[in-house]
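Asker: here is a sequence with its predicted model. Questions after.
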Amino acid sequence: MAKAIRVNQTGGPEVLSFEDVDVPAPGKGEAAIRQTAIGVNFIDVYYRTGIYVATPPFTLGMEGAGVVTAIGEGVTEVAVGDRVAYADSPMGSYATERVFPAAKLVKIPAGVSEETAAAAMLKGMTAQYLLRRTFRVGPEHVILFHAAAGGVGQIACQWAAHLGATVIGTAGGPEKVALAKTKGCAHVIDYKTENFVERVREITGGKGVDVVYDSVGKDAFPGSLDCLKQRGMWVSFGQSSGAVPDFPVALLGKKGSLFATRASLFHHIGTRPELVATAEDLFDVIASGVVTIDVNHSFPLAEAAEAHRALEGRKTTGSTILIP
């Protein structure tokens, strides 16, 4: 019988329960997957705690990789035996087996492991849309990326540096600062000991940056706005420290006619062509060595609670996966 991590009530990591589950045969447009690696992300924490709403009981997880074992009626996107990966709804990746919409699966190319794909899909496609679509980064830009030593941060900073941008990162503590320096950052600010707004102004000669990428939320606001040039863009795409407080839109004008957006991956991969193009762009930079994916933390699926404790305690760097 298949196993899965179930949430029967929202709360702390202790609510994660390792249970037997029934997996149906794939229906029309679906594929059955034997999973070999599962990505762990902050969105999982948001659902577990109830910040994002799902009705218990549910199986956690938005990202995984494995091998197709069966396909339902009408499926043409994948075939039995294909190595595939995904990062999208419906939830349920924290499982040994599952069924999933075939149109939301992408084939993993040769030269990319299933562990790498599971670790990179959500974070890497997030980096892709942030850098290539939300604000199209190029050699003329100076960017600030919060949490540069984290999973998205490591991928995005390497990618942005490859695109020619000057990358300023923030990280907490000497070890994470040192790591970020190896991942494309020209400058790294230790937010535990330095005022990141003052340091950004110092680094840029008072000019500020073109764009701030912010997955931290509450602890980085409104400082992130103060790091921007006039008409710069603040891109909020997460809230690891808590939600950004409500603020009057007039604040953006006061601080320099700023642009602001709250971006989501799922609004950028909503069609099959968008999904395939985004994933192919990601796999290209991985396969070419432009971006390296550090899977620094691996836990058995049954120990998902420990993985969440490490993630929430900011004890992780790079990517974390579960192995069924």
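Answerer: Right, received. Where do you want to start? Residues are numbered from 1 along each chain as shown.
Asker: contacts for stretch 184-195?
Answerer: 145, 148, 157-162, 166-174, 177, 180-181, 196, 199-200, 203 (CB atoms under 8 Å, 6 or more residues apart in numbering). No exception for glycine: its C-beta is placed from N, CA and C like everyone else's.
Asker: in strands only, show me those residues.
Answerer: 145, 166, 167, 168, 169, 170, 171 (DSSP state E).
Asker: from memory the fifth one sits against residue 156, does it?
Answerer: No - proximity of residue 169 to residue 156 does not meet the contact threshold set by CB atoms under 8 Å, at 9.4 Å.
Asker: got any residues that touch both of the two?
Answerer: residue 145.
Asker: still on that earlier bit, so which of the ones in strands among the contacts of stretch 184-195 would you say is closest to residue 22?
Answerer: Ranked by distance to residue 22 (CB to CB), the ones in strands among the contacts of stretch 184-195 are led by residue 145 at 42.8 Å.
Asker: buried sites along stretch 229-242?
Answerer: 232, 233, 234, 235, 236, 237, 238, 239, 240, 241 (16 or more other CB atoms under 10 Å).
Asker: and it, how far from the chain's centre?
Answerer: 15 Å (CA atoms, centre = their mean, to the nearest Å).
Asker: same check on stretch 138-152?
Answerer: Relative to the centre of its chain, stretch 138-152 is centred 14 Å away, using CA atoms, centre = their mean.
Asker: so for that stretch, mean pLDDT?
Answerer: Over the span of stretch 138-152, the pLDDT mean works out to 95.
Asker: next: stretch 190-200.
Answerer: For stretch 190-200, mean pLDDT is 97.
Asker: quick check: end-to-end length of that stretch?
Answerer: The first and last residues of stretch 190-200 sit 12 Å apart, counting by CA to CA, to the nearest Å.
Asker: identify each buried residue in it, please.
Answerer: Residues 190, 191, 196, 197, 199, 200 are the ones in stretch 190-200 that count as buried (16+ other CB under 10 Å).
Asker: ok, which pair from the ones in strands among the contacts of stretch 184-195 is furthest apart?
Answerer: Farthest pair in these (CB to CB) is 166 and 171. Separation: 16.7 Å.
Asker: compare these two and say which is more crowded by neighbours.
Answerer: Neighbour count, other CB atoms under 10 Å: between residue 166 and residue 171, residue 171 has more, with 27 against 18.
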